[in-house]
Structures are given as C-alpha cells and as structure tokens.
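# Provided below are the primary sequence and the corresponding predicted coordinates.
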Amino acid sequence: MAISMTDAAAARVASFLTNRGKGIGLRLGVKTTGCSGLAYVLEFVDELGAEDLVFEQNGVKIIVDGKSLIHLDGTELDFVKEGLNEGFKFNNPNSKGECGCGESFSV
C-alpha cells in the first residue's frame with residue numbers, strides 16, 4: 001500500500017509547512033459526503049496518531065489513517081495550475097466516478 005506525490009505537490013506542501021512555521025506533514029484522508037459518497041480531506045499534521053501511516057517523498061510526509069488508506073491506496077497527489085486556478089489533484093486508481101461538481105468521488 002502506498003501514497004505518492006509529484007515533485008510539484010511535494011514542493012507546494014513543503015512551502016505551506018514552511019510558511020506555517022510548524023507541522024510534520026500533510027494528512028490525506030476521506031470523509032463521507034457529497035453526491036458520490038466520499039470527499040478528499042487535506043489538513044496539516046502536528047502530531048502523529050497511533051493508527052497513522054507515513055509516506056515520505058522528496059522530504060515531505062503524507063500521513064494517512066488506516067480507514068482512509070483503503071480508499072486511497074495507490075493515489076498520487078499532484079499540484080496543478082490551470083490558467084488562474086491552482087490546486088491539488090488526486091490521481092486515485094480506486095475512484096470509479098466523480099460527481100459533476102468534482103467535490104466527491106465513489107469507489
């Protein structure tokens with residue numbers, strides 16, 4: 001089981017952590033919500049939980065809880081700029097579909 005990130009995503013997360021001034025990494029998780037059932041959650045992590053798994057790439061840690069990893073295994077986190085918009089993109093091989101607004105996905 002693994003989570004990976006592109007160089008662009010790792011650089012952006014590292015920049016956020018530097019600007020924040022604290023934190024050991026970024027949590028990637030899922031929550032039940034939206035039209036399709038699941039939505040991605042990103043938040044800073046200051047302390048690891050007992051059930052957290054850590055994936056490190058380019059010196060940046062992505063932390064995932066075991067329940068979320070079932071839905072996220074194999075996911076690549078990317079950071080993209082499209083025109084004036086920029087943000088994280090989730091390349092999740094487990095996703096079977098997304099809602100029309102792009103806020104949630106199903107597995």
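That came in fine, so what should we check first? Bear in mind that the values here come from a model prediction, so they are computed numbers and not experimental data.
# looking at this, Leu17 is in a strand?
No - counting by DSSP: H, G, I helix; E, B strand; the rest coil, Leu17 falls outside a strand, being helix.
# checking Arg12 next. Helix, strand or coil?
helix.
# Ala9 is in contact with Glu86, isn't it?
No - look at Ala9 against Glu86 with CB atoms under 8 Å: they stay out of range, at 11.4 Å. Where C-beta positions appear, they are placed from N, C-alpha and C, glycine not excepted.
# distance of Ser95 relative to Glu51?
23 Å (CB to CB, to the nearest Å).
# who's more crowded, those two?
A count of neighbours by other CB atoms under 10 Å puts Ser95 above the other of Ser95 and Glu51, at 16 against 10.
# quick check: the gap between that one and Glu47.
Per CB to CB, Ser95 is found 29 Å from Glu47.
# buried residues in stretch 22-40?
Within stretch 22-40, the residues scored as buried using 16 or more other CB atoms under 10 Å are 23, 25-30, 34, 36-40.
# from those, which single one is nearest Gly66?
Closest approach between these and Gly66, by CB to CB: Gly29, at 10.4 Å.
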